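Q: coordinates only, no sequence provided:
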Ligand code: PHE
């Protein structure tokens, strides 16, 4: 068995670091724009149901797999069953696709941070500000490089020092500040309609195709947000202490992750109604939504530029803990595979990250006419990772646990300290039947409807 030199020193350290990986741009940037686009309340409800059933089961599986084998994703699947060894590298490939574009968006956040700190907050309230920014190649490239460099610096410092300490302090502050901003947003005139749209599912006019799209979007978001189906939770599981409960930790991580997403939605979705009356085009804004609506919220606030600056600082850190876990996974894979030292393999991954990220930056600017299957480059990377690769990894993981090594393999780990695995029944049904069926639906959907 491979020895883990580094590990988490405390239970709360593990939970916060795993939550730090999970909570990031997925919650604050991606979740609200999907919720706005896919019917508000219906998306929210679908998402919550998926988290407590499907997301929970997959996270229990991944953490257990990691902790049981003590290996990172490459070795863990092989340890479970030789024939499934190939799944490790497939899962490991996902961070190589996500990290570059994640850092591009991290760069957008840093840009907004700079805008707020340097007193240009008002300019950002202009509807064309965001579009103007991403459509030029220069600035987004600079901010992308800054963000990617920050990520690499944290990774070089290692698991304990880098990830754990940063997460411990900042995650709670992020929650408090977000709740405060959400409460403030609720007091603005017009917030009621937005709140209603976001919270209450409205099934009117909700046809089969729409429903399918919503479920597929919610599923993709779940992988992304909970950092599942890409080996990250397996690797984190391998750092987890033996005496802690897998089930309890999974609950806490998923609760925290979902809570932040819901709060971010509470800020951003009603804002669309407040500032643009909730018209369809605004709700469909996509990746730019947060960047377009938030400055308006802050602008309407007394001292909003300070709150805005604080908010973007925290989002930058929330994003950093995620991109660090992404890069960390890439680095451990490269160093394991090519027998490189940490710094050398970080350098290799960094170069890769920059080259790939530049494609995403240019895809919105100089190469904006280039599309792949109708997607912009960044959106295409998002699509193949969330809608193709992760469902494949999740499907095969469920088959491995459900039918090859059998659920007992994971259950042994969840009851390692004599705990009762409370959701055992749910876990088995999800792993054997429901998850595989869902994964097949996700994989087939693009053949029938344009997502
Ligand atoms: N889960 C993170 C988020 O919500 C993103 C992420 C994806 C992090 C994959 C690690 C791995 O932002």
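A: That came in fine, so what should we check first? From a predicted model like this one, the values you see are computed outputs, not experimental measurements. Numbering: from 1, shown residues only.
Q: and residue 227, backbone torsions?
A: Main-chain dihedrals, residue 227, degrees, to the nearest 10: phi 50, psi 50.
Q: now do residue 229
A: Dihedral angles (degrees, to the nearest 10) for residue 229: phi 60, psi 30.
Q: and if you look at the one 10 residues further on?
A: The phi and psi torsions at residue 239 (degrees, to the nearest 10) take the values phi -90, psi -10.
Q: thought it was touching residue 14?
A: Yes - if you go by C-beta atoms under 8 Å, residue 239 and residue 14 touch, sitting 7.0 Å apart. Quick note: C-beta positions are derived from backbone N, CA and C, even for glycine.
Q: helices of the stretch 201-350 of the chain, residue ranges please.
A: 208-225, 232-239, 246-276, 280-283, 289-299, 304-338, 342-364 (DSSP state H, counting those that start in this stretch).
Q: contact partners of the fourth one?
A: It stands for helix 280-283. By C-beta atoms under 8 Å, 6 or more residues apart in numbering, the residues outside helix 280-283 that reach it are 36-37, 272, 275-276.
Q: now do the same for residue 308: its pLDDT.
A: Per-residue pLDDT puts residue 308 at 90.
Q: which non-adjacent residue is nearest it?
A: Nearest residue to residue 308 in three dimensions, chain neighbours excluded: residue 298, at 3.6 Å (C-beta to C-beta, 6 or more residues apart in numbering).
Q: might one say that that neighbour is in contact with residue 312?
A: No - assessed by C-beta under 8 Å, residue 298 is found out of contact with residue 312, at 9.4 Å.
Q: overlap in contacts, the two.
A: Joint contacts of residue 298 and residue 312 (C-beta under 8 Å, 6+ apart) are residue 116.
Q: more neighbours: the two, which one.
A: residue 298 (26 against 22; other C-beta atoms under 10 Å).
Q: switch the helices of the stretch 201-350 of the chain over to JSON lines; also include distance to residue 371.
A: Listed next are the helices of the stretch 201-350 of the chain as JSON lines, based on distance: least, C-beta to C-beta, whole Å:
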{"stretch": "helix 208-225", "distance to residue 371": "19"}
{"stretch": "helix 232-239", "distance to residue 371": "29"}
{"stretch": "helix 246-276", "distance to residue 371": "26"}
{"stretch": "helix 280-283", "distance to residue 371": "20"}
{"stretch": "helix 289-299", "distance to residue 371": "21"}
{"stretch": "helix 304-338", "distance to residue 371": "25"}
{"stretch": "helix 342-364", "distance to residue 371": "9"}
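Q: I'd like these as TSV, with distance to the ligand appended.
A: Converted to TSV, the helices of the stretch 201-350 of the chain look like this (distance: least, C-beta to the nearest ligand atom, whole Å):
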stretch	distance to the ligand
helix 208-225	4
helix 232-239	5
helix 246-276	7
helix 280-283	21
helix 289-299	12
helix 304-338	4
helix 342-364	14
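Q: out of those, flag the one nearest residue 197.
A: Proximity to residue 197, assessed across the helices of the stretch 201-350 of the chain by C-beta to C-beta, is greatest for helix 246-276 (6.7 Å).
Q: stretch 85-99 and the ligand in contact?
A: Yes - applying C-beta under 6 Å from any ligand atom, one finds stretch 85-99 in contact with the ligand at residue 98.
Q: same question for that stretch, mean pLDDT?
A: 92.
Q: stretch 20-29 now?
A: Mean pLDDT, stretch 20-29: 90.
Q: do the same with stretch 285-305
A: Rounded mean pLDDT across stretch 285-305 is 89.
Q: repeat for stretch 265-273
A: Rounded mean pLDDT across stretch 265-273 is 93.
Q: what's the neighbour count on the residue lying closest to residue 360 once chain neighbours are set aside?
A: In this structure, residue 360 finds its nearest non-sequential neighbour in residue 378, 4.0 Å apart by C-beta to C-beta, 6+ apart. By other C-beta under 10 Å, the residues close to residue 378 number 22.
Q: so what's residue 378 up against?
A: 101, 104, 287, 360, 363-364.
Q: next up, identify which helix or strand it is on.
A: Take DSSP states H and E as the rule and residue 378 turns out to sit in helix 377-383.
Q: show the contacting residues for the residue of the stretch 151-300 of the chain found nearest the ligand.
A: Residue nearest to the ligand within the stretch 151-300 of the chain (C-beta to the nearest ligand atom): residue 227, separated by 3.9 Å. With contact taken as C-beta under 8 Å, 6+ apart, residue 227 is in contact with 18, 21-22, 233, 322, 325.
Q: at 7 Å instead, please
A: By C-beta atoms under 7 Å, 6 or more residues apart in numbering, the contact set of residue 227 is 21-22, 233, 325.
Q: go on, residue 56?
A: Per C-beta under 7 Å, 6+ apart, neighbours of residue 56: 250, 254, 423.
Q: and residue 273, how close does it get to residue 105?
A: Residue 273 is 24 Å from residue 105, where distance means C-beta to C-beta, to the nearest Å.
Q: my read: the residue nearest to residue 308 touches residue 306, true?
A: No - with contacts counted by C-beta atoms under 7 Å, residue 298 stays clear of residue 306, the gap being 8.9 Å.
Q: list the contacts of stretch 430-437.
A: Stretch 430-437 has contacts (C-beta under 7 Å, 6+ apart) with 53-54, 57-58, 61, 394-395, 398-399, 401-402, 407.
Q: and the residues you listed, which two are furthest apart?
A: Maximum distance among the contacts of stretch 430-437 (C-beta to C-beta): 17.9 Å, for 53 and 399.
Q: for the stretch 251-400 of the chain, which spans come out with low pLDDT?
A: Regions of the stretch 251-400 of the chain meeting the criterion pLDDT under 70 are absent.
Q: so who does the residue of the stretch 51-200 of the chain found nearest the ligand touch?
A: Per C-beta to the nearest ligand atom, the residue of the stretch 51-200 of the chain with the smallest distance to the ligand is residue 98, at 5.4 Å. For residue 98, the contact set (C-beta under 7 Å, 6+ apart) comprises 326, 385.
Q: can you pull the buried residues of the helix or strand harbouring it?
A: Element membership for residue 98, per DSSP H and E: helix 87-117. In terms of neighbour count (16 or more other C-beta atoms under 10 Å), helix 87-117 has its buried residues at 87-88, 90-113, 115-117.
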